[in-house]
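**Q** build me a structure from this.
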Amino acid sequence: MRTQVAIIGAGPAGLFLAHLLARAGIDAVVLERRTRDYVEGRVRAGVLEQGTVALMRELGLDGRLKAEGLVHTGTNLAYDGEIFRIDMAALTGGAAVTVYGQQEVMRDLFDAAEPRGVRIVFEAEDLRLHDLAGETPSVTFTRNGEARTLACDYVAACDGFHGVGRAAIPADVLKVYERVYPFGWLGILAEVPPVNHELIYANHTHGFALASMRSPTRSRYYVQVGLDERIEDWSDERFWDEIETRLGPQASAGLVRGPSFEKSIAPLRSFVAEPMRYGRLFLAGDAAHIVPPTGAKGMNLAVSDVAMLAEALSLHYADRDASGLDGYSARALARVWKAERFSWWFTGLTHRFPDMDDFARRMQVAELAYIRGSQAAQTALAENYVGLPMGPAAVR
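**A** Here you go, the predicted model:
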């Protein structure tokens, strides 16, 4: 097999990149070791930045998004039993976010792939990358027991935190920055109406809580738990009692309880790998960085990565101009670190840490009170939440 760009991974980063390259007339093949059902069925993020929504619109993938997505012009913070709203649209010149689950985004990307000539090879196992620092990179893999080779000009590793892409960069080249948090999020999905028409981020002495949703009839709730907690110890009744306590009486006034149909615990970490390019290999999405979900940046960062990478590849193939490729890592990382900062800050503001004493707790409350009364502080939060711009493209 021969292609211009080999894309490893058919998650959001890989599929958005494949669609962008197809639109630019650049040949690409996506290699995914799982099945479509597995990739599409993963329960992940649900808040899209304005830039992600705009890209789906540009690609003509926003039909269901327009019909089913929930546009949020604000978000809410709760502490000490009270709740206040951040009017994001008023503070950012009309910007908003849209609640639309990653599962739905993946369905839209997959459904449009075949009609647009986007080639995806599922169940590609034993992936190995070759000659990344040379002139003839390739990817070898097996499918149905048969060994295959995909020759290419470039490899885009969109294969997640545990993928082969980042692991292929020599240790003396790669620099890793990481913060592992001493807690996780216990999340549930339930077919009940949301407690509020917008998200609520709650700071409570018991720990963090988030009231979110996937639709007007499907709610997504989270509570902070210790890393030693087990799902089996959290009955639905215990969960509902705890989320009601942490949201507080004002925020939980309209809470509707019901049986959960999905329950999981996710650990939290901040992680960045530099550089995001090695020879003819480019990293994008979770292969290069992880953010705690507090700021809803994970999938959105992946989308901004591949938007930059597609722009750079288009410049290269159309004009034989390598400046975009040469500048991709620095450009992407500039936005990544800003999103990492916001997610780290928002996590520190809303969660209870094991070593937190009374002074640290009072500092959290003081900062929340400051945000509540300061338009400048609310503007900074809103600008980051709706999504920072990608920044200027690199020039020669």
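
**Q** shouldn't residue 50 be in contact with residue 89?
**A** No: counting by CB atoms under 8 Å, residue 50 stays clear of residue 89, with 10.2 Å between them. No exception for glycine: its C-beta is placed from N, CA and C like everyone else's.

**Q** are there residues contacting both of those two? Which ones?
**A** 95, 96 (CB atoms under 8 Å, 6 or more residues apart in numbering).

**Q** neighbours of residue 202, how many?
**A** 27 (other CB atoms under 10 Å).

**Q** ignore the last one, residue 251
**A** Residue 251 has 25 neighbouring residues, counting by other CB under 10 Å.

**Q** phi, psi for it please.
**A** Dihedral angles of residue 251 (phi, psi; degrees, to the nearest 10) stand at phi -70, psi -30.

**Q** give the contact list for it.
**A** Residue 251 sits next to 76, 78, 83, 195, 196, 200, 202, 211 when contact means CB under 8 Å, 6+ apart.

**Q** helices of the stretch 101-250 of the chain, start to end?
**A** Listed in chain order, the helices of the stretch 101-250 of the chain (DSSP state H, counting those that start in this stretch) span 102-113, 164-167, 236-251.

**Q** could you dump the first one to PDB, C-alpha only?
**A** The C-alpha atoms that make up helix 102-113 are tabulated as PDB, following Å, rounded to 0.1, in the frame of the first residue of the first chain:
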ATOM      1  CA  GLN A 102     -17.900  12.500  21.500                       C
ATOM      2  CA  GLN A 103     -19.800   9.400  20.600                       C
ATOM      3  CA  GLU A 104     -22.000  11.500  18.300                       C
ATOM      4  CA  VAL A 105     -19.000  13.300  16.800                       C
ATOM      5  CA  MET A 106     -17.400  10.000  16.000                       C
ATOM      6  CA  ARG A 107     -20.700   8.700  14.400                       C
ATOM      7  CA  ASP A 108     -20.800  11.800  12.200                       C
ATOM      8  CA  LEU A 109     -17.100  11.400  11.200                       C
ATOM      9  CA  PHE A 110     -17.500   7.700  10.400                       C
ATOM     10  CA  ASP A 111     -20.800   8.100   8.500                       C
ATOM     11  CA  ALA A 112     -19.200  10.700   6.200                       C
ATOM     12  CA  ALA A 113     -15.900   8.800   5.700                       C
END
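
**Q** and residue 22, how close does it get to residue 377?
**A** 43 Å (CB to CB, to the nearest Å).

**Q** neighbour-wise, which of these two wins?
**A** The neighbour comparison of residue 22 against residue 377 (other CB under 10 Å) goes to residue 22, with 19 against 15.

**Q** helix or strand for that one, which one?
**A** helix 12-23 (DSSP states H and E).

**Q** just checking, what packs against that helix?
**A** Applying 3 or more CB pairs under 8 Å, 6 or more residues apart in numbering; DSSP states H and E, we find helix 12-23 packed against strand 5-8, strand 28-31, helix 102-113, strand 119-121, helix 298-319.

**Q** list the strands paired with the fourth one, with their directions.
**A** Within its sheet, strand 119-121 is paired with strand 28-31 (parallel), according to DSSP bridges.

**Q** for the helix or strand where residue 331 lies, name the packing helices and strands.
**A** Under the criterion of DSSP H and E, residue 331 resides in helix 323-350. Packed against helix 323-350 by the contact rule (3+ CB pairs under 8 Å, 6+ apart) you find strand 200-203, strand 260-274, strand 277-278, strand 281-283, helix 298-319, helix 358-373, helix 375-386.
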